[in-house]
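**Student:** sequence first, predicted coordinates after that:
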Amino acid sequence: MVSTDTRACGVARDALELVVKYAKKWVQFGRPIAGFQEISRMLADMEAESGVHLPEEECNCTLNR
């Protein structure tokens, strides 16, 4: 049986992945919002607080402008 902790980690990982994809897709002022400093900081904070770590190519939004 899967524990509640494991399920919560899975939900957190899925949510973080969805937020990163959305930030890369949504364009404001001619560029994806993931490229904005404050959004990148918020995504990094979410990753750090959740304890879920995505592969660098998924979460390092500032390099994918």
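**Tutor:** Here it is on my side, so go on.
**Student:** please report how far residue 37 lies from residue 44.
**Tutor:** Using C-beta to C-beta, to the nearest Å, residue 37 is found at 11 Å from residue 44. For every residue, glycine as well, the C-beta is placed using N, CA and C.
**Student:** host element of the residue sitting nearest the centre point of the chain?
**Tutor:** Central residue of the chain (C-alpha atoms, centre = their mean): residue 20, 3.7 Å from the mean position. Per DSSP states H and E, residue 20 falls inside helix 4-25.
**Student:** what's that helix packed up against?
**Tutor:** strand 31-32, helix 37-50, helix 56-59 (3 or more C-beta pairs under 8 Å, 6 or more residues apart in numbering; DSSP states H and E).
**Student:** any regions of this protein where pLDDT drops low?
**Tutor:** Residue ranges of the chain with pLDDT under 70: 1-2, 52-65.
**Student:** so what's residue 49 up against?
**Tutor:** By C-beta atoms under 8 Å, 6 or more residues apart in numbering, no residues touch residue 49.
**Student:** one step back: higher neighbour count, residue 37 and residue 44?
**Tutor:** residue 44 (14 against 8; other C-beta atoms under 10 Å).
**Student:** check the spacing between the more buried one and residue 16 real quick.
**Tutor:** From residue 44 across to residue 16, the span is 11 Å (C-beta to C-beta).
**Student:** before we move on, what about residue 3?
**Tutor:** Relative to residue 16, and taking C-beta to C-beta, residue 3 is found at 20 Å.
**Student:** equivalent analysis for residue 46, please.
**Tutor:** Computed as C-beta to C-beta, the residue 46 to residue 16 distance reads 6 Å.
**Student:** which one's more surrounded, these two?
**Tutor:** Taking other C-beta under 10 Å, residue 46 and residue 16 do not tie; residue 16 has more neighbours (20 against 16).
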